[in-house]
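*Asks:* missing the sequence, but the structure's below:
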């Protein structure tokens, strides 16, 4: 029987050797049974509470769909999952594919094991979460930090008494400086601009960002709102729940009466009067959100515009004007120029109409597309022939070993060679172009006509006024890879460079440029606008 081994350990605090230990025991068990190990999958330092973030298990399921093994061998059922719904789903899907689940603890897993063991594993997670929370509350009440490391402090290692911190002299000076400059009237952007200009590393080692200082008023994060700098530890401001659809944790605020506040004067960095002044100043700048600051609908070119000076994204800074995000949030770019989004859209429409969609460009694109398709078709056919020849040779060797085992040969002596050949077979199979590739490498006979029809529709929309023109840009958004905006000297209009992919027009429907178009005829077309 062909088996795949799966192993997992759940925490960074555990030893990586846990994986090798699980695999070693599973290998010994498989050898005693005379099974052939054809693959191994593992997930290191990943919780078994969800499936979405476990690449090893996801790879195992993909291999099961390819019928590469007959059974999954693992230490215990909770290695696969500790969630009752997930383990039931895994058992159901693997059973449908004809793949057994075998554990060292219980042997072949049936529905009874799934129900009982899955419930026990799920209850274990609930119990572990409750005990973890109880321990964190105890540490918070004792003046210990139950969370991660905060900028301005160092971890104090003291055996089992975890959560102790001490003030970092260098970082605390930066914190005090930020508070003093903020209280004196400097904006967060001005403060981070000086810090970045002086080369002061941010909390994560990179550049400082204005939001690092501001944070969120609602969630009370950010340097200005962090009460730990004033000597107060506030715990339990929020809780986390796991989205069953994605497996990701979502933060949910707790009411203030559930917060736990502990005085930790030894960790104070900012004097009380300066901290209070900073909160008062922040409240001054609060109040209702102005009309021009409310969430705006996404523009037609949102996410496509880049600063030509630093490569940062261009974002809306006021009404419909866009500017460099690196200058606005980090003060690391010298580009202070902005441009109206309406002007940008008009100039982009012009280049689409006069250059990117011009008849001569259409003809050149189709010819290049056809030539590239022909080249890829020939290369595909050659690669397939070579890989299939090598695959036949490997399969003959595997068949000979299987015959030897059936004739009474020692499976232990032959299993290692069989595993090696299986690995070679998988590697060769991955080299064979997909069957779908043989169908798309040849240019569709109506591709040229489809291209011309789309161009005609876009031209018609461009001649019907601004609203239709905007609709046309929306229809061909996938044509545009990037729009680079660069200021010219002397206050001249900003230079705009459009980088687009003409092959996208050959798709039958929007969004069909993925598999069929990638690598074939995807010529970039660049135009500069002034």
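*Replies:* Yes, it's here. Computed from a prediction, not measured in an experiment: that's the story for all the values here.

*Asks:* Flag the shaky bits of the stretch 301-450 of the chain, pLDDT-wise.
*Replies:* Within the stretch 301-450 of the chain, the stretches with pLDDT under 70 are 352-363, 365-366, 369, 409-416, 433-450.

*Asks:* all helices for it, in order.
*Replies:* Taking DSSP state H, counting those that start in this stretch as the test, the helices found in the stretch 301-450 of the chain are 325-329, 341-351, 359-406, 411-431, 435-440, 447-462.

*Asks:* Which other helices and strands does the second one contact?
*Replies:* Using 3 or more C-beta pairs under 8 Å, 6 or more residues apart in numbering; DSSP states H and E as the contact criterion, the secondary-structure elements in contact with helix 341-351 are strand 321-324, helix 466-475, strand 480-486, strand 495-501, strand 524-529. (C-beta placed from N, C-alpha, C; glycine too.)

*Asks:* roughly how far is that helix from the heart of the chain?
*Replies:* Distance of helix 341-351 from its chain centroid, counting by C-alpha atoms, centre = their mean, to the nearest Å, is 32 Å.

*Asks:* returning to what we had before: would you single out the least confident of the helices and strands packed on helix 341-351?
*Replies:* For the helices and strands packed on helix 341-351, the weakest mean pLDDT is recorded on strand 524-529, namely a mean of 43.

*Asks:* how many neighbours does residue 122 have?
*Replies:* The local packing of residue 122 (other C-beta atoms under 10 Å) involves 19 other residues.

*Asks:* Check it and give its pLDDT.
*Replies:* For residue 122, pLDDT reads 74.

*Asks:* Spatially nearest residue to it (excluding sequence neighbours)?
*Replies:* Distance criterion C-beta to C-beta, 6 or more residues apart in numbering; nearest residue to residue 122, sequence neighbours excluded, is residue 84 at 4.3 Å.

*Asks:* show me what contacts residue 114?
*Replies:* Shown in contact with residue 114 (C-beta atoms under 8 Å, 6 or more residues apart in numbering): 77, 87-88, 91.

*Asks:* Now for the residues you listed, which sits with the most neighbours around it?
*Replies:* Top of these by neighbour count (other C-beta under 10 Å): residue 87, with 26 neighbours.

*Asks:* That residue contacts residue 121, doesn't it?
*Replies:* Yes: contact between residue 87 and residue 121 holds when scored by C-beta atoms under 8 Å: they sit 7.2 Å apart.

*Asks:* Find the residues that touch each one of these two.
*Replies:* Common neighbours of residue 87 and residue 121, counting by C-beta under 8 Å, 6+ apart, are 77, 81.

*Asks:* Distance-wise, check the nearest residue to residue 268 once chain neighbours are set aside relative to residue 256.
*Replies:* Take residue 268 and drop its neighbours on the chain: the residue closest to it by C-beta to C-beta, 6+ apart is residue 231, 3.2 Å away. Going from residue 231 to residue 256 by C-beta to C-beta, to the nearest Å gives 19 Å.

*Asks:* go on, residue 281?
*Replies:* 22 Å.

*Asks:* Settle it for me: which of the two has more neighbours?
*Replies:* Remark: of residue 281 and residue 256, residue 281 carries more neighbours, 14 against 10, as counted by other C-beta under 10 Å.

*Asks:* contacting residues around the more buried one?
*Replies:* Listed by C-beta under 8 Å, 6+ apart, the contact set of residue 281 reads 182-183.

*Asks:* Also residue 139?
*Replies:* Residue 139 neighbours (C-beta under 8 Å, 6+ apart): 145-146, 162-163.

*Asks:* give me the element it is part of.
*Replies:* helix 111-141 (DSSP states H and E).

*Asks:* swap in residue 6?
*Replies:* According to DSSP H and E, residue 6 maps onto strand 2-9.

*Asks:* quick one, strands of the stretch 101-250 of the chain?
*Replies:* Remark: strands assigned in the stretch 101-250 of the chain by DSSP state E, counting those that start in this stretch are 107-108, 153-155, 165-167, 232-235, 238-242, 249-253.

*Asks:* How much space separates residue 266 from residue 232?
*Replies:* Remark: distance between residue 266 and residue 232 (C-beta to C-beta) = 12 Å.

*Asks:* go on, residue 34?
*Replies:* From residue 34 to residue 232 the distance is 65 Å (C-beta to C-beta).

*Asks:* And this protein, what are its domain boundaries?
*Replies:* Using automatic domain parsing, the domain ranges for the chain come out as 2-128, 153-284, 289-386+441-530.

*Asks:* Quick one: closest of these to residue 397.
*Replies:* Nearest to residue 397 among the domains of the chain is domain 2-128; the distance by C-beta to C-beta comes to 14.4 Å.

*Asks:* Ends of that closest one, what's the gap?
*Replies:* When the termini of domain 2-128 are compared using C-alpha to C-alpha, to the nearest Å, they are 36 Å apart.

*Asks:* so how far is it off the chain centroid?
*Replies:* Domain 2-128 sits 25 Å away from the centroid of its parent chain (C-alpha atoms, centre = their mean).

*Asks:* Do a quick rundown of the helices in the stretch 1-150 of the chain.
*Replies:* Under DSSP H, counting those that start in this stretch, the stretch 1-150 of the chain gives helices at 17-33, 55-65, 77-80, 84-96, 111-141.

*Asks:* Quick one: those helices as JSON lines, columns for distance to residue 375 too.
*Replies:* Output for the helices of the stretch 1-150 of the chain, formatted as JSON lines (distance: least, C-beta to C-beta, whole Å):
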{"stretch": "helix 17-33", "distance to residue 375": "45"}
{"stretch": "helix 55-65", "distance to residue 375": "31"}
{"stretch": "helix 77-80", "distance to residue 375": "46"}
{"stretch": "helix 84-96", "distance to residue 375": "41"}
{"stretch": "helix 111-141", "distance to residue 375": "52"}
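
*Asks:* Just tell me which of those helices ends up closest to residue 349.
*Replies:* Residue 349 lies closest to helix 55-65 among the helices of the stretch 1-150 of the chain, at 43.3 Å (C-beta to C-beta).
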